[in-house]
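Student: return atomic coordinates for the entry below.
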Amino acid sequence: MLESAEFLTPAQIVAELDKYIIGQHEAKRHVAIALRNRWRRLRAAPEMRDEIVPNNILMIGSTGVGKTEIARRLAGISGSPFVKVEASKFTEVGYVGRDVESMVRDLVEQSVNMVKTRRKEEVKARAAQIVEEVILDILIPPVTGASGAAPKPALGFPTTTSGEVPDSDQELNERTRERFREKIRNGEMDDRKIEIQVQQGGGGISVMGGAPGGMDEASMAGIQDMLGSMMPKKTRKRKVTVAEARKLLLDEEAAKLIDMDEVKDEAVRHAENSGIIFIDEIDKVASKSSKGGGGPDVSREGVQRDLLPIVEGSAVSTKYGIVHTDHILFIAAGAFHVAKPSDLIPELQGRFPIRVELQSLTKNDFYQILKDPKNALTKQYEALLKAEDVELTFEDAALERLAEIAFEVNSEVENIGARRLHTVMSRLLNDILFDVPDKIGANARILIDRALVEERLNDMVRNRDLSQYIL
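Tutor: Next up, the predicted model:
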């Protein structure tokens, strides 16, 4: 649990976040402390462990300033199951739509997939040996006697002209199998076609008309899983290459080697102690103080009240068992342009004691976003064109001008933060991306300088009606 972040201090966690996210140092500090506190809780005295609750965080900031990216990268650093939900998509209990408990079920599903993937990786070498034997059995079936055992050479076995007893069928078969085994390992048999038995997927049992009255979604899913496990597995024959067969069979054999009951138990514990749920658009369910009761505000407040027990700590029924949400870290976020954090119901406000306001991005921030992060847009486009053997480079002056243009467009139209960079980069490079490889062939070198940026984007800056460029 928290393996990859086990030895990371808060300062080191912030340093990791800095590799992908520019600025927002206060927000990074808060999430780094929250992550380290979870590691500390698991190593606290047993009598205090259950008493320590996470300090949930409310991020306040415009779109595109890095709220979601901070939470997502935090989950990646810690190896934690992570789900992002939008509060505006939930409906109050009693209305048609997704109920708030579904986010916990999604988190557990994510946790199960993570644990299953790790367990499969642990048994991968053993599964590969089994798959190798299966493929060999198809190519060179083993020799067996009537009783199922390999025949033994009898007394008086005929001799060769040299006086030596010849190899038995079993020995010849084994030698042939070993030769083919080497060919398989060396990739010499990858293109050979063989016929294999594979399990048919997607044959789950569904109940028409929804769940019966009084039965929730998780209980219904659990019953469907149980019925599905009782049904015999259907298989079908497929003719594939040896290389394809290795991939198909490896997943099946690895799944057979892991204990799904252990996977489910570990996944539930992992979700309970390490899970992160990011609730976006929390401001959309805040009742604006200027309005009276009634209308859609009633539903908004209903969603808040449904969220409250989940965030406070409750037991949620899932198809993998009961999940307690007491120690799941909740990070909520919203722009709060119209509503204010104080428009949330007081009980829900109290469950997000850490509030951090993210800063709007400056021209210098845009420049750094284009240049510094590991996943910078410039590096992404360079990688795309490198796949065509075309070298793309950017001058610093070009990046500075791109940052200026993105900032100006955000100032004159709706501010969508760093997402505006996608707009300007796309407009700048679309013609080049279209011309490769037809007009711009392999081994070409393309330099993006300030003059080219001005040429391609000048009309975008001069044109006051910029509605066509809004994402």
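Student: which stretches of this protein form strands?
Tutor: Along the chain, counting by DSSP state E, strands occupy 57-60, 82-86, 193-199, 235-241, 276-280, 315-318, 321-324, 329-334, 354-357, 391-394, 445-448.
Student: which of those strands sits most buried?
Tutor: Each of these was scored by mean neighbour count; the highest is strand 329-334, a mean of 26, by mean count of other CB atoms under 10 Å. Where C-beta positions appear, they are placed from N, C-alpha and C, glycine not excepted.
Student: in stretch 120-136, what counts as buried?
Tutor: 120, 123, 127, 130-132, 134-136 (16 or more other CB atoms under 10 Å).
Student: cool, stretch 48-66 as well?
Tutor: Across stretch 48-66, burial judged by 16+ other CB under 10 Å covers 54, 56-66.
Student: now those residues as a markdown table including pLDDT and distance to residue 27?
Tutor: Formatted as a markdown table, those follow (pLDDT from 0 to 100; distance: CB to CB, whole Å):
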| residue | pLDDT | distance to residue 27 |
| --- | --- | --- |
| 54 | 91 | 16 |
| 56 | 95 | 14 |
| 57 | 96 | 8 |
| 58 | 96 | 11 |
| 59 | 96 | 6 |
| 60 | 96 | 10 |
| 61 | 93 | 8 |
| 62 | 90 | 13 |
| 63 | 90 | 15 |
| 64 | 90 | 14 |
| 65 | 92 | 9 |
| 66 | 92 | 7 |
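Student: now those residues as TSV including distance to residue 449?
Tutor: Output for those, formatted as TSV (distance: CB to CB, whole Å):
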residue	distance to residue 449
54	49
56	47
57	42
58	43
59	38
60	39
61	34
62	31
63	31
64	27
65	29
66	29
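Student: show me which pair in those residues is furthest apart.
Tutor: 54 and 64 (26.8 Å; CB to CB).
Student: coming back round to it: between the buried residues of stretch 120-136, which is nearest residue 86?
Tutor: Nearest member of these to residue 86, counting by CB to CB, is residue 120, at 31.5 Å.
Student: how is this protein divided into domains?
Tutor: Domain ranges of the chain: 10-118+264-357, 124-143+167-257, 363-460, per automatic domain parsing.
Student: show me the contacts for residue 399.
Tutor: Residues in contact with residue 399 (CB atoms under 8 Å, 6 or more residues apart in numbering) are 367, 370-371, 378.
Student: by neighbours, which of those wins?
Tutor: Neighbour counts for the contacts of residue 399 (other CB atoms under 10 Å) peak at residue 370, which has 25 neighbours.
Student: for that residue, which residues are in contact?
Tutor: By CB under 8 Å, 6+ apart, the neighbours of residue 370 are 376-378, 394, 399, 402-403, 421.
Student: please report the distance of it from residue 172.
Tutor: Using CB to CB, to the nearest Å, we find residue 370 at a distance of 66 Å from residue 172.
Student: ok, residue 336 next?
Tutor: Between residue 336 and residue 172 the computed distance is 78 Å (CB to CB).
Student: ok, those two, which is more surrounded?
Tutor: Taking neighbours as other CB under 10 Å, residue 336 and residue 172 compare with residue 336 leading, 21 against 12.
Student: once you drop chain neighbours, what's closest to the more buried one?
Tutor: residue 283 (4.6 Å; CB to CB, 6 or more residues apart in numbering).
Student: how about residue 279?
Tutor: Closest residue to residue 279 apart from its sequence neighbours, by CB to CB, 6+ apart: residue 332 at 4.4 Å.
Student: that neighbour pairs with what?
Tutor: On the basis of DSSP bridges, residue 332 is bridged to residue 58, residue 279.
Student: that one against residue 282, yeah?
Tutor: Yes: using CB atoms under 8 Å, residue 332 is in contact with residue 282, at 4.2 Å.
Student: hey, what's in contact with both of these two?
Tutor: Shared contacts of residue 332 and residue 282, counting by CB under 8 Å, 6+ apart, come down to 58, 87.
Student: just give the nearest non-adjacent residue to residue 74, would you?
Tutor: Excluding its sequence neighbours, the residue lying closest to residue 74 (CB to CB, 6+ apart) is residue 31, at 5.1 Å.
Student: tell me the pLDDT at residue 213?
Tutor: Residue 213 is assigned a predicted lDDT (pLDDT) of 46.
Student: okay, residue 133 and residue 418: tell me how far apart.
Tutor: For residue 133, the distance to residue 418 - CB to CB - is 52 Å.
Student: and the residue nearest to residue 279, what does it touch?
Tutor: Counted by CB under 8 Å, 6+ apart, residue 332 has contacts 56-59, 87, 278-280, 282, 352.
Student: how about residue 187, phi and psi?
Tutor: Here is the backbone geometry of residue 187 (degrees, to the nearest 10): phi 80, psi 10.
Student: show the pLDDT at residue 169.
Tutor: Reported pLDDT for residue 169: 77.
Student: right, and it touches residue 143 too?
Tutor: Yes: between residue 169 and residue 143 there is a contact under CB under 8 Å: 4.8 Å.
Student: pLDDT of stretch 430-438, averaged?
Tutor: 94.
Student: now swap in stretch 173-181 and tell me
Tutor: 88.
Student: what's next to it, contact-wise?
Tutor: 132, 136, 139-140, 142-143, 167, 189.
Student: once you drop chain neighbours, what's closest to residue 372?
Tutor: Per CB to CB, 6+ apart, closest to residue 372 is residue 22, 6.6 Å.
Student: now do residue 128
Tutor: residue 250 is the one closest to residue 128 (CB to CB, 6+ apart), at 6.3 Å.
Student: count of residues packed around the residue lying closest to residue 442 once chain neighbours are set aside?
Tutor: Distances taken as CB to CB, 6+ apart place residue 389 nearest to residue 442, at 3.9 Å, with adjacent residues excluded. Using other CB under 10 Å, residue 389 has 12 other residues around it.
Student: pretty sure residue 389 contacts residue 440?
Tutor: No: counting by CB under 8 Å, residue 389 does not reach residue 440; the two are 10.5 Å apart.
Student: any stretches of this structure with poor pLDDT?
Tutor: For the chain, the stretches flagged by pLDDT under 70 are 1-6, 92-97, 144-167, 200-233, 288-298, 460-471.
Student: list the beta-bridge partners for residue 316.
Tutor: residue 323.
Student: that one and residue 34: what is the separation?
Tutor: Distance from residue 316 to residue 34, by CB to CB: 21 Å.
Student: can you check residue 91 too?
Tutor: In this view, residue 91 and residue 34 are 29 Å apart by CB to CB.
Student: more neighbours: these two, which one.
Tutor: The residue with more neighbours, out of residue 91 and residue 34, is residue 34; 20 against 16, by other CB under 10 Å.
Student: how about that one, what does it touch?
Tutor: Taking CB under 8 Å, 6+ apart, one finds 54-55, 57, 329, 354 in contact with residue 34.
Student: equivalent analysis for residue 69, please.
Tutor: Contacts of residue 69 by CB under 8 Å, 6+ apart are 20-21.
Student: ok, the one 4 residues further on next?
Tutor: Residues touching residue 73, when contacts are defined by CB under 8 Å, 6+ apart, comprise 16-17, 20-21.
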